[in-house]
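In: okay, predicted coordinates and the sequence, questions at the end:
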Protein chains: 2
Amino acid sequence: MDIEQFRKAGYQAIDRICDYYYSLQNRPVVPQVEPGYLRKHITATSLPEEGEDFQIIADDYQKFILPGLTHWQHPSFFAYFPTACTFEGMLGDLYASSATNPGFNWLASPACTELETIVIDWAADLLGLASEFKNDSGIGGGVFQTTASDSVLVVVAAARSLYLSRHPQAKIEELVIYTTTQTHSVGAKAGIVYGIKVRAIPVNMEDGLALRASALRKAIEEDEAAGLRPFILIASVGTTSSGAIDCIPEIREVVKDHPDLWVHIDAAWAGVALACPETRETMFLDDINAFANSFCTNFHKCYVVFQWGLVNFDCSALWVRNRRHLTDALDITPAYLRTKHGDEGKVIDYRNWHLGLGRRFRSLKVWFVLRSYGAEGFRKYIRECITHNNTFASLIRASNRLQLVTEPSFALTVFRLVPPSRSVPAVSPADSGVDLSAISSSGITSEYDLEALNDLNKDYMSRLAARSDIMLTQTTLNGIYCIRFAVGAARTKDEHVRRAWEVVEEEAEKALEAWNATKA
Amino acid sequence: MDIEQFRKAGYQAIDRICDYYYSLQNRPVVPQVEPGYLRKHITATSLPEEGEDFQIIADDYQKFILPGLTHWQHPSFFAYFPTACTFEGMLGDLYASSATNPGFNWLASPACTELETIVIDWAADLLGLASEFKNDSGIGGGVFQTTASDSVLVVVAAARSLYLSRHPQAKIEELVIYTTTQTHSVGAKAGIVYGIKVRAIPVNMEDGLALRASALRKAIEEDEAAGLRPFILIASVGTTSSGAIDCIPEIREVVKDHPDLWVHIDAAWAGVALACPETRETMFLDDINAFANSFCTNFHKCYVVFQWGLVNFDCSALWVRNRRHLTDALDITPAYLRTKHGDEGKVIDYRNWHLGLGRRFRSLKVWFVLRSYGAEGFRKYIRECITHNNTFASLIRASNRLQLVTEPSFALTVFRLVPPSRSVPAVSPADSGVDLSAISSSGITSEYDLEALNDLNKDYMSRLAARSDIMLTQTTLNGIYCIRFAVGAARTKDEHVRRAWEVVEEEAEKALEAWNATKA
């Protein structure tokens, strides 16, 4: 393809992306395909010998790929956490792709390193992070990773290296990563990736599934007595399942007695909400700023509340209080990667701040998006999403059969279906919280036990999953099977939330009918 | 930005990328900026409150970012390994970015998973990999990772997990990763990331820096006698420094006696050359197919020979002989990630084939590029690059002061400057190889010792590095400081290679003058 052919194909790609966004609302959220669908269209089992005209290839994208995509940008996508996709982010990716380079050190492309150091400092300010976390502090610093998983892997390596430097006699087999039973699976995955024990500390519905000091102290005491060495805690500010926020002030107190415990704040989805000052107290920002070793939030994810982050996947922001802890753990510099400026310590070589070597030019799309929205525009989006979620949560509260399982968190609502009965009081919309005593893991009612209700909700979820006009996902909270509603696609409006509510109601009706039929 | 604003900004982006490629040849390869240059242009230390017009942002990209980029696509970029960038790859990235999704399981976007399984099977066929490595075998399989580093980290985790399942009493402290002293730094990095010992087995100039059976057996015997447990060997087919190819047939014999040793073939740059059948014997493909546990090559990297791969960064292809070894090591499936098809085992959930969770839609750009070139077009590119390198190597061979340090490998030539003297015979262009006996680490000549020659070549390299019209990098081979010439940018033509030769000669002249002045 020569330059003029690219111009033609490029214009067409832009036009087709416009068409895609015009048509998005009328497409099914969930693709109507079965496993193996694509093999029926792409029958060649090997690459053809002859090159093909790009127009044929571009048309095949429309015919075969688009119908097999799950549309995460669809206004009725309420599953997982919405993943952001802005036009500004796309253009950032396009420009970055046009001058592709692996940016592993300053010289590999000075603009890549320098823009990253500047933009991630902007992001730190936007979220209200302490100045110690900024690159211009010269001590701490920020770096874009691919995903929050990647960020966790990086800090676990750094924390392990720091711990072993302080305790050279320690064995890897004695180390323990702390999470809670509600921490995102990144915690468990870090354990299997590194071959390090993971202890998931139990949390209670009564505490809103947040980690408390008492449970943390108990775990440390038990482990230390058993000769084990907890060296990092992955604390959540906004869990994936329910948006729970660990008790950071209590953890801060515990760490005073256990200064070897690295505390990583995984605010993968909720973190970007810190742009709105009204969220900061709830998220314990002052405590995070005072003592956390590292902090991560995803700008690509939109997550929950967030169609914001607003930055196209992938783009996870990681800050550390001491950059030396990353480079001490991850810096190896062979001869062919040495540069004059690197040797002189004048520049950041980001390859020593992450696991791999090469890296994409992610800061460009962040720069495009943040500047285009401005701080005010960014906050406005976040607040709109919270409003949408509050609307949905209010409708659940007013229902006599759908019930909040935990308090709504920013833009995430977790609920389940409970047959209206004498012994389950409907929660009034005016009520600020769900009746937690009624949903302990010992069973919700005198009439139906937990297992029966879980079966009902599994059936309910399978009905919701069969719909192509909406997408939700499920989770389990301390044994309670629940449905997650995560709002945040950029194009989600009030009407989509209300339509989602109607679908949720429709399927609840059918699930209850089926349930009653079996009971009859 | 609304859809029509995006159309306008998108057209402009396409036009500006066209302008960039028209002007590329006239730009300096290496940007003329000093550390901190960007801060002088972006003076805001925080994100502005108000959003900005996208035109201003797009113009700032042209004004501030472009001049700070190192142009890896420049026809006179001969550093590191060229990183591929094709228009087809850009368009693939653009479409993928327009429907951004984290593709962590089949349901997250069926097309992403299915296209990956198909396209990477095509790639396996193109390279001549055994059918056991293909997804349609149902046993082995391929997956796109970000980079070759990522691929190494994945297989080390899998190999460790497999080894520990067979030897439950083993301690992580006893494990050893094997590399050679010439293996890419991914080996050492995997060691520090995982906290696992790395043994770099020495290799000799006399063996072309290839790992031989005797050295491998000796290392295993010594380590086992010391209670250590080598569990993986990262064997190179084309090292970064000099393109050395480990003796895979000999390694195959050793592994028969040590079946616990996982052999990973890191063919990050050279692997795509396997598309040309004439390279397969040199790269020991039959042996790789017969016994290697895993194989990696980078489609983004062009590397050396390769402006091919031809796929824009990042895109590393990893194949394993047994997919269970990946999923046994990396599969954790929390409730919120379960799906009907995944539970039924009907689909691949690629999140269990890599370290993180979310992943980009990389197969799309590969599909675009491979189809557009076809197998024949792909091979043609590779052969052109090899031809360019042979041209350069011939010019070095004919020189009376520049000398090959190792045999040219595909599209990589490693050379150094040696003062013409009575005792150093010029290597004739007709000679198939360099006189290895003359460049042992004990010194090349009776007249100058190794250290003096290294000093000369460091000065020579600093002169080359100061040029903005060409980019080369350096390396050290068993103590010998050398210059690397890696050809492969898509736009590199014979004239660029000859121009590079002139520059190399010019600077050699100056370096020798300075050297002679100090000797006078």
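Out: Yep, it's here.
In: how far does the lowest-mean-pLDDT helix or strand in chain A sit from the chain's center?
Out: In chain A, the helix or strand scored least confidently by mean pLDDT, DSSP states H and E is helix A:340-343, which has a mean of 72. Distance of helix A:340-343 from the chain centroid (CA atoms, centre = their mean, to the nearest Å) equals 36 Å.
In: helices along the stretch 1-150 of chain A, start to end?
Out: In the stretch 1-150 of chain A, the segments counted as helices under DSSP state H, counting those that start in this stretch are A:3-23, A:37-41, A:54-60, A:87-98, A:110-127, A:148-166.
In: buried deepest among those helices, which one?
Out: Burial of the helices of the stretch 1-150 of chain A is given as mean neighbour count (mean count of other CB atoms under 10 Å in any protein chain shown); helix A:87-98 ranks first at a mean of 27. Where you see a C-beta, it was placed from the backbone N, CA and C, and this is true even at glycine.
In: tell me if it is near chain B.
Out: Yes. Using CB under 8 Å from any CB of the partner chain, helix A:87-98 reaches chain B at A:87-91, A:93-95, A:97-98.
In: between the two ends of stretch A:241-252, how far is it?
Out: 24 Å (CA to CA, to the nearest Å).
In: helices of the stretch 401-520 of chain A, residue ranges please.
Out: Here the stretch 401-520 of chain A has its helices, by DSSP H, counting those that start in this stretch, at A:450-465, A:494-519.
In: ok, and for the longest one, which residues are buried?
Out: Residues of helix A:494-519 classed as buried by neighbour count (16 or more other CB atoms under 10 Å in any protein chain shown): A:496-497, A:500-501, A:503-504, A:507-508, A:511-512, A:515.
In: which residue does the stretch 101-250 of chain A have closest to chain B?
Out: Nearest residue of the stretch 101-250 of chain A to chain B, counting by CB to the nearest CB: residue A:111, 3.1 Å away.
In: in space, what's closest to that residue - neighbours in sequence excluded?
Out: Leaving out its chain neighbours, the residue that sits closest to residue A:111 by CB to CB, 6 or more residues apart in numbering or on different chains is residue B:68, at 3.1 Å.
In: got the phi and psi for residue A:51?
Out: According to degrees, to the nearest 10, the main-chain angles of residue A:51 amount to phi -70, psi 150.
In: what number of residues lie near it?
Out: 21 (other CB atoms under 10 Å in any protein chain shown).
In: helices or strands next to whichever strand or helix holds residue A:230 in the packing?
Out: Element membership for residue A:230, per DSSP states H and E: strand A:229-236. When contacts are defined as 3 or more CB pairs under 8 Å, 6 or more residues apart in numbering or on different chains; DSSP states H and E, strand A:229-236 sits against helix A:148-166, strand A:175-180, helix A:186-194, helix A:213-225, helix A:248-257, strand A:262-266.
In: and with 7 Å instead?
Out: Counting contacts by 3 or more CB pairs under 7 Å, 6 or more residues apart in numbering or on different chains; DSSP states H and E, strand A:229-236 is packed against helix A:148-166, strand A:175-180, helix A:248-257, strand A:262-266.
In: contact residues of the stretch 151-300 of chain A facing chain B?
Out: Within the stretch 151-300 of chain A, the residues that sit near chain B (CB under 7 Å from any CB of the partner chain) are A:153, A:157, A:160, A:171-173, A:185-186, A:188-189, A:192-195, A:240-241.
In: go again using 8 Å as the cut-off
Out: With the criterion set to CB under 8 Å from any CB, the stretch 151-300 of chain A comes near chain B through A:153, A:157, A:160-161, A:164, A:171-173, A:184-186, A:188-189, A:192-195, A:240-241, A:300.
In: give me the buried subset of the residues you listed.
Out: A:153, A:157, A:160-161, A:164, A:172, A:184-186, A:188-189, A:192-195, A:240-241, A:300.
In: can you count the residues close to the residue nearest to residue A:51 when sequence neighbours are not counted?
Out: Distances taken as CB to CB, 6+ apart put residue B:374 closest to residue A:51, at 3.6 Å, once the chain neighbours are dropped. Other residues within reach of residue B:374, judged by other CB under 10 Å, total 16.
In: show the pLDDT at residue A:467.
Out: Looking at residue A:467, its pLDDT reads 90.
In: again but with residue A:336, I slipped
Out: pLDDT for residue A:336: 67.
In: surely residue A:285 touches residue A:133?
Out: No. Counting by CB atoms under 8 Å, residue A:285 does not reach residue A:133; the two are 11.6 Å apart.
In: the two - which one has more neighbours?
Out: Between residue A:285 and residue A:133, counted using other CB under 10 Å, residue A:133 has the larger neighbour count: 27 against 24.
In: contact partners for that one?
Out: Going by CB atoms under 8 Å, 6 or more residues apart in numbering or on different chains, residue A:133 touches A:124, A:140-142, A:289, A:295, A:319-321.
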